[in-house]
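[1] pasting the sequence and the predicted coordinates here, then a few questions.
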Amino acid sequence: MNSARRYEVDKIKTIGDSYMAASGFDGRAVEGAVAVGRLALAMMEVIDRQPPLGGHSAQGCASASIVGPATAGVIGDDPLLATTSGATP
């Protein structure tokens, strides 16, 4: 089982070394925000445990969370792309 499913978070997309995920679409906003936070902490722990690669230690990672209304949709059909967007302060 991957981490996103373990924490009941939906992976939206990966862009380069960035990972976009969301939760709480079922109306449980508080639980969704907690789940996203737990996933972010778990990901940071995994990155911190990585051995040096090519003589360089892991650079770590940063996490940002935005809480509020969001809209999900599908763009195109070949290839299919799902996206999520929301209002940002």
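    Good, I have the coordinates.

[2] use CA for all of it now, contacts and neighbours both
    OK.

[3] helix, strand, or coil at the most centrally placed residue in the chain?
    Nearest to the mean C-alpha position of the chain, counting by C-alpha atoms, centre = their mean, stands residue 21 at 2.8 Å. State at residue 21, reduced to three classes by DSSP: H, G, I helix; E, B strand; the rest coil: strand.

[4] for it, give me its contacts.
    Counting by C-alpha atoms under 8 Å, 6 or more residues apart in numbering, residue 21 touches 4, 9, 10, 11, 12, 13, 36.

[5] nearest residue to it in space, please, no chain neighbours.
    Counting by C-alpha to C-alpha, 6 or more residues apart in numbering, residue 11 is the residue found nearest to residue 21 once chain neighbours are left out, at 4.3 Å.

[6] how much distance is there from the helix or strand hosting the one you found to the middle of the chain?
    Applying DSSP states H and E as the criterion places residue 11 in strand 10-15. Relative to its parent chain, strand 10-15 has a centroid offset of 6 Å by C-alpha atoms, centre = their mean, to the nearest Å.
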